[in-house]
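>>> please work out how this folds:
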Amino acid sequence: MKRLYTFIVLFVFHTYFYAQERVKDFPRKESREEEIFGKVYWRVKAGLNISDIGGEDIDYIFLDNRTRNKMGYMLGACAYTWFSKKWGLSHGLSLNQRNIGVNISDKINGKYSTIFREHYIEMAPITAMYHIRDFKVFAGPYVSTLVAASIDRKDKEGNVYKDTSIFGSADNNEEESRYMQKLDYGFELGVDYDINSKMSLGATYNLGFADIFQYANSYTNGSGKTDRIRIYNRGFVFTLSYKL
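Predicted structure coming up:
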């Protein structure tokens, strides 16, 4: 995983300095006016997720009702167009790794801190953008498909391994094990800063509305009042993007 983060950081810096060479003849203040209304533009993105989960039932899956922000990666692309000097729309697709620090326990190792990992393919189908000087403020819905999930656990020798059973399977016994829903959706709000005519820095906050843990057959979570497990994704994404 450290190698992956190193690769992403190097990729971001390489893209930044390469783009600086490519666009050094483009004045930053004129970059917005160069874009044509109604024309579709493309951007590629790379960045870091600072992820967490929230909700009333965290202690039903994990211990202590406490979580910690952890870093993951984001890789993606988006298409956008302007239909006025201020307003535009974008449509994006990305691969997101979300890592969350949690506490768990077992009979061998007792209580310990570990990492809960989620991998999503995320689509932002329609995002409204508003242009203010060198900034773009944007907001819109997202929908994600879960493609992998795991928890780092320890064996009897204390070695860490990835337990993927939380992702779920066709023969999963729901009375004995919780598993993750394969669909997440929510809302995102963010801002981009145009460094120059090609490069932008971005910050986005994502707030999930879907219960990410659930029983398909509606077993209760022990309260006797509801069959929902109220745990939701949330977090920040920091990106560097390049206009193609």
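>>> tell me which residue is most central in the chain.
Note on the chain: the residue nearest the mean C-alpha position is N96, at 4.6 Å, using C-alpha atoms, centre = their mean.
>>> mind listing what it touches?
N96 makes contacts with 49, 72-74, 76, 119-122, 144, 237, as judged by C-beta atoms under 8 Å, 6 or more residues apart in numbering. Backbone N, C-alpha and C define where each C-beta goes, glycine included.
>>> for it, list each beta-bridge partner.
Counting by DSSP bridges, N96 is bridged to M74, Y120.
>>> could you do A46 as well?
Legend: beta-bridge partners of A46 under DSSP bridges are L75, L240.
>>> V137 touches Y130, doesn't it?
Yes - with contact defined as C-beta atoms under 8 Å, V137 reaches Y130; the gap is 4.9 Å.
>>> for ChimeraX, write the select line for the buried members of the contacts of N96.
Selection of buried members from the contacts of N96 for ChimeraX, criterion 16 or more other C-beta atoms under 10 Å:
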select :49,72,73,74,76,119,120,122,144,237
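>>> make a markdown table out of the contacts of N96 and add pLDDT.
Compiled in a markdown table, the contacts of N96 are given as follows (pLDDT from 0 to 100):
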| residue | pLDDT |
| --- | --- |
| N49 | 96 |
| G72 | 96 |
| Y73 | 96 |
| M74 | 97 |
| G76 | 97 |
| H119 | 97 |
| Y120 | 98 |
| I121 | 98 |
| E122 | 98 |
| S144 | 97 |
| V237 | 97 |
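>>> can you give me the mean pLDDT across stretch 50-65?
In this model, stretch 50-65 carries a mean pLDDT of 89.
>>> can you pull out the helices in the protein?
Using DSSP state H, the helices of the chain run over residues 2-22, 31-34, 58-61.
>>> lowest average pLDDT across these?
helix 2-22 (a mean of 51).
>>> please tell me how far the closest residue to N109 other than its chain neighbours sits from S105.
Leaving aside its sequence neighbours, N109 sits nearest to K154 (C-beta to C-beta, 6 or more residues apart in numbering; 4.8 Å). Relative to S105, K154 is positioned 11 Å away (C-beta to C-beta, to the nearest Å).
>>> and those two? which has more neighbours close in?
Between K154 and S105, K154 has the larger neighbour count (other C-beta atoms under 10 Å), namely 17 against 12.
>>> tell me the contacts of the more buried one?
Residues in contact with K154 (C-beta under 8 Å, 6+ apart) are 106, 108-109, 112, 114, 160-161.
>>> most neighbours, which of the residues you listed?
Greatest neighbour count in the contacts of K154, by other C-beta under 10 Å, goes to T114: 18 neighbours.
>>> for A149, see how far away G202 is.
For G202, the distance to A149 (C-beta to C-beta) stands at 26 Å.
>>> K111 reaches I104, doesn't it?
Yes - between K111 and I104 there is a contact at 7.5 Å, judged by C-beta under 8 Å.
>>> name the helix or strand of this structure that has the lowest mean pLDDT.
Taking mean pLDDT, DSSP states H and E as the measure, the helix or strand of the chain with the lowest value is helix 2-22, at a mean of 51.
>>> what is in contact with K154 and S105 at once?
Joint contacts of K154 and S105 (C-beta under 8 Å, 6+ apart) are Y112.
>>> quickly list what's touching both of K111 and I104.
By C-beta under 8 Å, 6+ apart, K111 and I104 have these common neighbours: L63.
>>> more crowded one of the two?
Neighbour comparison, K111 and I104: the larger count goes to I104, with 20 against 10 (by other C-beta under 10 Å).
>>> who does that one form a beta bridge with?
Y112.
>>> Provide a list of residues in contact with it.
I104 makes contact with 62-63, 111-112, 114, 151, 153, according to C-beta under 8 Å, 6+ apart.
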